[in-house]
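Participant: coordinates only, sequence not included:
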């Protein structure tokens, strides 16, 4: 174990504190309240434009923001607690890298989208966008879960947030694609970036930890907390930054229908392909969410309720089948050890969502959208481009996203492979004890940590 | 066990997939965006009526919808995880039948309430109403928990959603009763329907599974997650579809006071009637919620804060006493095996709520409500009927609801009794293993289900 | 054990039921719907002032209220479940005393702030304020967790709510300080009140229960549910009662940044000071929240994003170091047994928040705030006082709060010390079994539950 210096007493504090100080300095230099959060500017704006307080952006978006926030911290955090001895790390590292990423994302996204006179303006929209970028990092975290140190994860976040912001800028601003719920920018990007990193960090002897790479009864219940919160609040996620009014309303509803149909498909196919017709918690915890991913692009469009359901049904199906048939191949053939199966939950459904988005965009007409076309496809509304052009923009965006994610992930993977970040040895992956003080270890009652029935009865009966 | 073919490899996929395809076809034929979700229609409406985006129904109701959504998926789902070995099924089947029911409810409620030119219009209100109907199905699920297969549950949902929509139509549209929080339409209906089904499905030899029909320490904590979420968000539940402005505001507040008083009553009576003056988790998990049920009808009325508290106090009292004294009699005398005690949480408090609603309605005057009378009792405001008439409407609605629920439940019970749905044998009720791949069963570490790593490895290495 | 009559069959029911009846009578005599909840008054107000329903206070504050509600019941409740055998009590007593305190707080705060013609007016603001006051009681609960009976806790709540309302009245109304998120009125008050009570209730032989005064693996995960909810919704807490528009918006955002920076500091310092550089769950569960406490006063001011981050960083640092170095001293030197370490999470960060608030207030200028100065510092805006005066007001308020909290806590501590409330003996502190029917005790599977310490030790010692 001499190759693995996992004691983080110096590395982790140094990383956290230095990163935070750099961020505070950059915020001090570059960041300002926007027009809706600055006391002076907002009151000027109310006076000038005869606005009322209820028109402050806060009331349009804060409830959605809080739902997204729950998805990021509870949803992703608890979804990953399914491992039997990795609950502290799942929730805890999720917490750490999310709290870090949202700060860096504010800066990076600000550089590309929010500069006003040399300053980054922040408000509720920047908060939501930062949480979105964070979601992408957490997806990648899912691919490398259990095999990385918190220092590695923070470093991955530094690079991934940066690349996310660049890709988002290209897709949304340069190419002019629409992707409000992030099928491409968040899910496809996060999944393929994470898979590329996992490929580079491939551990041929990971089976030494395989007894810990599985769930126990209670850990699966904790994970369901994550799943259900992600499922319930996905309508808020996809609609959080769409235009006011019908757009937010429609996006939320489309997502709701997609997820409902996805859930039925997941249960159906899970029982169909599992051992003895029994349901598999892995499918329920993950594939039932694919419907949210798959309407991340088209959700704000006039996808129709039944259209949303078809997309959700397809997403649940491919995701469940992916867990059953594709994940084992990814590991054995492509040497990608995808701990949480993010390829099935975010990867394939993200690509499906991008394709659905391109098709739905290409089918847009002024007849269907009326004056609302301006909100969804301003360039079509202003006759700059045709609907088909928009479809092409969407398709190109998918390709660009895949390219940046895969290439970026490989490069970052090699950076993370340097043996200086305290990553765990093959024999102690998926184990909290390596980075956490786990209760019972030093006390007098270590055997208490939830004692099994059998072991106790034996001495009593003996 | 030959009578019990519990392998669902064909039955469950077939049921899920066929039901979902039928629903998608019906949605494709019948369902359209409403005026607040359709891009074209909303922009027309804004132009015609000089409306602004903040007047979109989304902003009045979406936060309440999300709270209701949490109650349905987390609240009901985790409330039922109290059983020691039925957590996967409690959360998982709750998830499945809720995701299905909300889709079917949209169609069924649409047939009766929301047809516009041959089309069902959907938006945030239909989403909330669909969740409400789903709540009713989940209440019935509570009565048969642990003794039914998912195929049976889906079939029960098909019938119950239909009957719910019919009863709701009779109560609200034909009889003109008010029941915004569903004391009658949701709670009374769901409880007595479920109890009737449970009566028909009575298992004389259920005591063969009695060792599993109880909680363990951690399962009770998981259940408290469900309880607390239901308790916190009940104000949103009761106010989700009331009129804008003071009505939503007042309903939420009345519910909040009722629940607070109910909680004190529950703790008091729990300690009074329990063994050695100790508190009983069953009471806390359930009876503390009865205050929300009992103001489901009168919550939107001018019940006054202290009136709400009196109702809540009574509800907590009868609910706690019901668990202690009535539930054992229901099982021994009436042969109703009510797993979750829905009679105590939803049945009696629902009836109480209906009665309180009738009395409060009969006491309505224009002096008290002012112009607000139009929102709460439009027929009294327009002098079509007197307040006493409204009280009578409310009372008749309770009787109708009880009749449809009980009769419907008995009939559906007999349909569900056919031995073709893969229901569990008496010896393996309240057990996840029958329908789920439970971790540890087939791996090398079955004793691990909660065993610490070290203890297991020792004997292996020894 | 004769000195400890812990059977509560009479005491707890009597306390709950009598208190609730008194409250109902007082509500019946004193409490009325306010202008936004009363049907008649709201419709009059709409007619008179040409208001619309979307201007009802409900839509500005209800989402924030629900977030605060989650913090009170899930956040505080689950945060305290970290103890291995005190989960029922942590969530359950939290539930009981919160449900009681919010009712009493409505009355007490109403006496001091909300009387209109001899009546207390209630609406969404009174609901939020009542939850705030409840939060203070729950902080004190954290200091005495595991060592008190529910009767004692209810009695403590009676006194603490009263003193809270008095202190709040002095600080906000008499002294004219600002403290929207309650760094002083909620956190400093609750912490030092609780510490004073804990000092008086000091148990020299508490080490007899020390094997139960620690966590186990799963209890730490339950506690993380509480932590994460508190962390996520703290922006809503601090902004719930600030002025509409930019004020709510800015307060939420400042809190969000403070918490993010605090989290990085907490992880960094936890690894730095813990055994072998491992992270300590106690720090993560608690210190990561100190950033919310520390911007409770200044959050609504123009603190700037980087200013918020600096405050959060400091708060996380002192809180983590407090857990490591100060808590042991508090117990050994000052004889304060602070079960949850509320001094580190609420005490010191609350004082820090008060100081930051005083400094930020003293730096306020019309140039920075513009017309928004009227919302934040009306007395400075109207030139009644200077910004420096406001800073002095803030500083005096801190001193007053500390004084009332400490003095009140000592007196209430002596009242609670009377041996008539059924508090647990030293040997059975931190143990649910004393007040709850714990599953498995009487069933056939008692050994299943997660076995008690004693049973395990027998074979080892035998």
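Facilitator: Yep, that arrived. Since this is a predicted model, take the numbers as computed values, not measurements.
Participant: from now on I want contacts and neighbour counts done on CA atoms only, so please keep to that.
Facilitator: Will do.
Participant: please enumerate the helices of the stretch 301-450 of chain A.
Facilitator: A:305-321, A:327-332, A:342, A:348-362, A:366-369, A:373-376, A:378-381, A:387-417 (DSSP state H, counting those that start in this stretch).
Participant: run a quick neighbour tally on residue A:384.
Facilitator: 10 (other Cα atoms under 10 Å in any protein chain shown).
Participant: ok, it - contacts?
Facilitator: With contact set as Cα atoms under 8 Å, 6 or more residues apart in numbering or on different chains, residue A:384 has no partners.
Participant: follow-up on the earlier one: export the helices of the stretch 301-450 of chain A to JSON lines and tack on mean pLDDT, distance to chain C and mean neighbour count?
Facilitator: JSON lines is the format used below for those (pLDDT from 0 to 100; distance: least, Cα to the nearest Cα, whole Å; neighbours: other Cα atoms under 10 Å in any protein chain shown):
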{"stretch": "helix A:305-321", "mean pLDDT": "98", "distance to chain C": "27", "mean neighbour count": "27"}
{"stretch": "helix A:327-332", "mean pLDDT": "96", "distance to chain C": "29", "mean neighbour count": "16"}
{"stretch": "helix A:342", "mean pLDDT": "98", "distance to chain C": "23", "mean neighbour count": "29"}
{"stretch": "helix A:348-362", "mean pLDDT": "98", "distance to chain C": "27", "mean neighbour count": "26"}
{"stretch": "helix A:366-369", "mean pLDDT": "96", "distance to chain C": "27", "mean neighbour count": "15"}
{"stretch": "helix A:373-376", "mean pLDDT": "97", "distance to chain C": "23", "mean neighbour count": "20"}
{"stretch": "helix A:378-381", "mean pLDDT": "96", "distance to chain C": "28", "mean neighbour count": "18"}
{"stretch": "helix A:387-417", "mean pLDDT": "98", "distance to chain C": "20", "mean neighbour count": "21"}
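Participant: against chain B, how distant is the nearest residue in space to residue A:190 that is not next to it in sequence?
Facilitator: In space, and not counting its chain neighbours, residue A:190 is closest to residue A:136: 4.4 Å by Cα to Cα, 6 or more residues apart in numbering or on different chains. For residue A:136, the distance to chain B equals 24 Å [Cα to the nearest Cα, to the nearest Å].
Participant: doesn't residue A:192 make contact with residue A:136?
Facilitator: No - under the criterion of Cα atoms under 8 Å, residue A:136 makes no contact with residue A:192, lying 10.2 Å away.
Participant: per-residue confidence for residue A:274?
Facilitator: Here, the pLDDT recorded for residue A:274 equals 88.
Participant: that one: what's it in contact with?
Facilitator: Contact analysis of residue A:274 by Cα under 8 Å, 6+ apart lists A:280, B:9.
Participant: before we move on, what about the one 5 residues further on?
Facilitator: By Cα under 8 Å, 6+ apart, the residues touching residue A:279 are A:267, A:270, A:271, B:435, B:436, B:437.
Participant: neighbours of residue A:418, just the number please.
Facilitator: Using other Cα under 10 Å as the criterion, residue A:418 is surrounded by 12 other residues.
Participant: hmm, I was thinking of residue A:226
Facilitator: 25.
Participant: close to chain B, is the strand or helix carrying it?
Facilitator: Using DSSP states H and E, residue A:226 maps to helix A:217-239. Yes - under the criterion of Cα under 8 Å from any Cα of the partner chain, helix A:217-239 makes contact with chain B via A:217, A:218, A:221, A:224, A:225, A:228, A:229, A:232, A:233.
Participant: hang on, the fourth one packs against residue A:79?
Facilitator: By that I understand residue A:224. Yes - when contacts are counted by Cα under 8 Å, residue A:224 is listed as touching residue A:79 (6.5 Å).
Participant: quick check: neighbours shared by those two?
Facilitator: Common neighbours of residue A:224 and residue A:79 (Cα under 8 Å, 6+ apart) are residue A:285.
Participant: could the contacts of residue A:279 go into a markdown table alongside pLDDT?
Facilitator: Output for the contacts of residue A:279, formatted as a markdown table (pLDDT from 0 to 100):
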| residue | pLDDT |
| --- | --- |
| A:267 | 98 |
| A:270 | 98 |
| A:271 | 97 |
| B:435 | 96 |
| B:436 | 96 |
| B:437 | 94 |
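Participant: show me the shaky parts of chain A.
Facilitator: Across chain A, the ranges flagged by pLDDT under 70 are A:1-4, A:440-462.
Participant: centroid-nearest residue for it?
Facilitator: Residue closest to the average C-alpha location in chain A (Cα atoms, centre = their mean): residue A:135, at 3.1 Å.
Participant: mind giving me the packing neighbours of the host helix or strand of it?
Facilitator: Following DSSP H and E, one finds residue A:135 within helix A:124-144. When contacts are defined as 3 or more Cα pairs under 8 Å, 6 or more residues apart in numbering or on different chains; DSSP states H and E, helix A:124-144 packs onto helix A:57-70, helix A:87-113, helix A:150-168, helix A:189-200, helix A:342, helix C:246-273.
Participant: let's see it at 10 Å
Facilitator: Secondary-structure packing of helix A:124-144 (3 or more Cα pairs under 10 Å, 6 or more residues apart in numbering or on different chains; DSSP states H and E): helix A:57-70, helix A:76-79, helix A:87-113, helix A:150-168, helix A:189-200, helix A:217-239, helix A:342, helix C:246-273.
Participant: excluding its backbone neighbours, what's nearest residue A:89?
Facilitator: Per Cα to Cα, 6+ apart, closest to residue A:89 is residue A:432, 5.9 Å.
Participant: neighbours of the one you found, just the number please.
Facilitator: Around residue A:432 there are 20 other residues, counting by other Cα under 10 Å.
Participant: ok, now residue A:174?
Facilitator: Close neighbours of residue A:174, defined as other Cα under 10 Å, add up to 12.
Participant: residue A:168 is in contact with that one, correct?
Facilitator: Yes - counting by Cα atoms under 10 Å, residue A:168 is a contact partner of residue A:174 at 9.2 Å.
Participant: find the residues that touch each one of the two.
Facilitator: Shared contacts of residue A:174 and residue A:168 (Cα atoms under 10 Å, 6 or more residues apart in numbering or on different chains): residue A:397.
Participant: next one: the residue nearest to residue A:190 from residue C:265, what distance?
Facilitator: Going from residue A:136 to residue C:265 by Cα to Cα, to the nearest Å gives 23 Å.
Participant: would you pull up the residue in the stretch 251-400 of chain A closest to chain C?
Facilitator: Using Cα to the nearest Cα, the closest approach of the stretch 251-400 of chain A to chain C is made by residue A:252 at 17.4 Å.
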